[in-house]
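>>> Sequence below, structure please.
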Amino acid sequence: MSAVLLGLDIGTTTITGVAWDAGSGRALSVARRRNDASLPTGRATRAEEDPHRLLALSLAVLAELGAGRGRASPQAIALTGQKHGLLCIDAAGEPVTPLISWQDQRTAEPGAESGELTILELIHRRLAGLNWRPNGCRIHHGYGAATLFWLLHRGELPAAATRACTAAGWVASQLIAGQPATDPTFAASWGVYDLVRGAWNEAFLERLDLPRRLLPPVRPTGEPLGRLAPGLARAAGLPAGLPVLNPVGDTRPVSWAACRRCRARSWSTWEPGGRFVGRCPLSSCPAKGSRPAPCRAAAPCAWGPACAAARPMRG
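Model (predicted):
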């Protein structure tokens with residue numbers, strides 16, 4: 001048998017894992033748990049999840065995969081998951097906020113010092129005159145940059161917060177007993193990452209007064225972040241020292257799947273969150289600044305420098 005990889009998807013509806021034969025491209029086993037980490041907020045505009053519950057569900061999924069792996073020894077753990085949302089952690093890596101997910105709408109609430117303007121409208125007013133196209137799209141409700149701005153603007157960012165990160169980034173950091181990082185796909189989902197330069201957009205951070213120190217380092221997709229810590233390995237029934245790879249946002253695995261059979265300049269499909277996803281040809285890529293994009297999200301695509309654009313399809 002060829003190399004076996006374990007995939008872990010920290011989704012909004014379920015936490016799902018797969019043992020995958022890299023040689024044949026065949027799924028050897030699948031494990032799934034319902035995502036019941038949602039927290040009561042008492043506000044229709046809020047959507048929060050318990051990070052520790054997400055970790056517990058992830059370990060349960062990995063344990064089920066470990067129990068069913070037979071003689072196959074996994075070579076690495078690869079992660080993906082819901083984008084846009086964030087949680088804040090302290091210097092020890094412990095959450096000081098819940099996960100505020102992509103479904104959160106608190107930036108639709110009026111700002112304390114902005115009269116009738118909502119927080120999102122205040123954000124757009126501050127960013128007036130800046131070219132958003134290198135970021136792929138404008139900032140929307142639920143985007144990490146909007147949520148972090150809300151926390152700072154309302155004075156609700158805990159004093160102990162030293163870094164913001166994604167759910168998948170935090171789970172990965174717990175698996176290796178280290179600090180969270182992010183990749184370009186997750187960074188782009190926050191709305192302040194320059195897809196052309198491959199770096200946080202400093203002009204946007206300055207206009208929004210978002211401290212650079214709070215943002216996670218951006219490392220290549222799939223780069224090993226560290227090795228599975230002994231305690232977590234025992235909990236998951238997996239070998240200690242297993243490489244844990246830098247998570248990738250959930251749109252990109254969809255683009256990989258769509259591109260496996262055809263590397264055409266354009267294609268369309270559905271991503272796990274129920275959004276319509278298409279690959280922009282280079283001539284219309286919003287990151288190149290040729291024309292405004294009709295999309296609400298953009299990220300590096302599977303093949304080449306074009307962007308993957310996603311638009312919510314509701315109703």
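>>> right, and Val192 touches Asn201 too?
Yes - applying C-beta atoms under 8 Å as the test, Val192 and Asn201 come out as touching, 5.1 Å apart. In this view, the C-beta of every residue, glycine as well, is placed from N, C-alpha and C.
>>> burial count for Leu157?
18 (other C-beta atoms under 10 Å).
>>> for it, what are its contacts?
Cys88, Thr97, Leu148, Leu151 (C-beta atoms under 8 Å, 6 or more residues apart in numbering).
>>> Need the three-state assignment for Gly17.
Under DSSP: H, G, I helix; E, B strand; the rest coil, Gly17 falls in the strand class.
>>> tell me the average confidence for stretch 27-45?
When pLDDT is averaged along stretch 27-45, the result is 95.
>>> swap in stretch 227-241?
Mean per-residue pLDDT for stretch 227-241: 94.
>>> Repeat that for stretch 110-127.
84.
>>> Not counting that stretch itself, show me its contacts.
The contact list for stretch 110-127 (C-beta under 8 Å, 6+ apart) reads 106-109, 138-141, 145-146, 149-150, 153-154, 204, 207-208.
>>> With stretch 167-176 instead?
By C-beta under 8 Å, 6+ apart, stretch 167-176 touches 8, 10, 49, 51, 54-55, 58, 77, 79-82, 85, 87, 89, 93, 95, 99, 101, 165, 179-182, 186, 216, 225-229, 232, 244-247.
>>> Kindly report the same for stretch 220-236.
59, 62-63, 66, 76-78, 172-178, 181, 183-185, 219, 238-246, 248, 252, 300.
>>> and those, which of them are in strands?
Ala76, Ile77, Ala78, Pro243, Val244, Leu245, Val248, Pro300 (DSSP state E).
>>> For these, which single residue is the most surrounded?
Each of the ones in strands among the contacts of stretch 220-236 was scored for neighbours by other C-beta under 10 Å, and Ile77 scores highest at 27 neighbours.
>>> quick one: pLDDT of that residue?
Ile77 is assigned 97 on the pLDDT scale.
>>> ok, now how distant is it from Val171?
10 Å (C-beta to C-beta, to the nearest Å).
>>> what mean pLDDT does the lengthiest helix in the chain have?
Of all segments of type helix in the chain, defined using DSSP state H, the longest is helix 51-67. The average pLDDT within helix 51-67 is 95.
>>> Can you give me the buried ones in it?
51, 53-55, 57-66 (16 or more other C-beta atoms under 10 Å).
>>> and if you look at stretch 120-129?
Leu120, Leu122, Ile123, His124, Leu127.
>>> Run the chain-centre distance for the helix or strand hosting the third one.
Yep, that's Ile123 we're talking about. Ile123 belongs to helix 119-126 when assigned by DSSP states H and E. Relative to its chain's centre, helix 119-126 lies at 23 Å (C-alpha atoms, centre = their mean, to the nearest Å).
>>> for stretch 85-101, same thing?
Remark: stretch 85-101 is offset 14 Å from the chain centroid, using C-alpha atoms, centre = their mean.
>>> measure that stretch end to end?
Using C-alpha to C-alpha, to the nearest Å, the end-to-end distance of stretch 85-101 comes to 4 Å.
>>> before we move on, the earlier item: which PyMOL command selects the buried ones in the contacts of stretch 110-127?
If you want just the buried ones from the contacts of stretch 110-127 in PyMOL, going by 16+ other C-beta under 10 Å, the selection is:
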select buried, resi 106+107+138+139+140+141+145+146+149+150+153+204+207+208
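>>> possible to save the contacts of Leu157 as JSON lines with secondary structure and pLDDT?
Output for the contacts of Leu157, formatted as JSON lines (DSSP: H, G, I helix; E, B strand; the rest coil; pLDDT from 0 to 100):
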{"residue": "Cys88", "secondary structure": "strand", "pLDDT": "98"}
{"residue": "Thr97", "secondary structure": "coil", "pLDDT": "98"}
{"residue": "Leu148", "secondary structure": "helix", "pLDDT": "98"}
{"residue": "Leu151", "secondary structure": "helix", "pLDDT": "97"}
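>>> excluding its backbone neighbours, what's nearest the residue most central in space within the chain?
The chain has Lys83 as the residue nearest its centroid, 3.2 Å off, counting by C-alpha atoms, centre = their mean. For Lys83, ignoring the flanking residues on the chain, the nearest one in space by C-beta to C-beta, 6 or more residues apart in numbering is Ser189 at 3.7 Å.
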